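S.K.: all I have is the shape, not the residue letters:
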């Protein structure tokens, strides 16, 4: 069993679990200590994770793209614009995840949460009463939540004072938001909120579907971390 789990975490198509966990730790550490080097390392790691399958296969195009992005980051840092680029990362991630969840709600597609359930607990789980309907509702919930959070982040980054987009352009923000509040939410609060919602939804699910057996939270998180890279691409239902 242990060997099977390890092999899953090291498959060419998957991202290594330690690096997946290292990104938020570096991002939060950089925000709390105000060390740009840690924040840039977090962004470099994130870009590497997104390109990981192609990088691992040694594709020249992927390596050139990654190195080019690192060079662009260095230019931003030299022009004192790295902080703004780093602040935009959570916004971009929320938009990307909202799109990933939302696109699987199209006709003929399997909702993403349903894919999670199938991969984590097996196809028979989907035949249990209420599971498929709840999976679709939960997929829609996450799509809306992530899109809403991206909107909030965008407003905060535009209206941050000082250092926001509007302030840099010499425009007075309609809703000035103190920089300390923005930085705390962008680099810490956004992750705490998503973690809190995940746990609350898990507790609600156990109550709402209390007539069914459920995985423990630790086992659920472990299996989700292992299978997430294979699931985020989405797929059509079998004809």
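M.R.: Looks like it came in fine. Treat the numbers as computed from the prediction; the structure is a model and nothing was measured. Residues are numbered from 1 along each chain as shown.

S.K.: number of residues surrounding the closest residue to residue 149 other than its chain neighbours?
M.R.: Nearest residue to residue 149 in three dimensions, chain neighbours excluded: residue 94, at 4.9 Å (CB to CB, 6 or more residues apart in numbering). All C-beta spots, glycine's among them, are computed from the backbone N, C-alpha and C. Applying other CB atoms under 10 Å, we find 22 residues neighbouring residue 94.

S.K.: over to residue 156?
M.R.: Counted with other CB under 10 Å, residue 156 comes out at 22.

S.K.: now do the strands in this structure.
M.R.: 160-161, 177-178 (DSSP state E).

S.K.: centre-most residue in the protein?
M.R.: residue 93 (5.3 Å; CA atoms, centre = their mean).

S.K.: check what pLDDT residue 158 gets.
M.R.: Looking at residue 158, its pLDDT reads 91.

S.K.: hang on, it packs against residue 171?
M.R.: No: using CB atoms under 8 Å, residue 158 makes no contact with residue 171, being 9.2 Å away.

S.K.: please say which of the two ends up with more neighbours.
M.R.: With neighbours defined as other CB under 10 Å, residue 158 and residue 171 compare such that residue 158 has more, 19 against 11.

S.K.: relative to residue 94, how far out is residue 145?
M.R.: 9 Å (CB to CB, to the nearest Å).

S.K.: list phi and psi for residue 162.
M.R.: phi -90, psi 180 (degrees, to the nearest 10).

S.K.: pLDDT score for the residue lying closest to it once chain neighbours are set aside?
M.R.: Sequence neighbours aside, residue 179 is the residue nearest to residue 162 in space, at 6.0 Å (criterion: CB to CB, 6+ apart). With respect to pLDDT, residue 179 scores 87.

S.K.: select the longest helix from the protein.
M.R.: Assignment by DSSP state H gives helix 131-159 as the longest helix of the chain.

S.K.: look up how far residue 49 lies from residue 59.
M.R.: 15 Å.

S.K.: these two: which has the busier surroundings?
M.R.: Between residue 59 and residue 49, residue 49 has the larger neighbour count (other CB under 10 Å), namely 17 against 13.

S.K.: cheers, nothing more for now.
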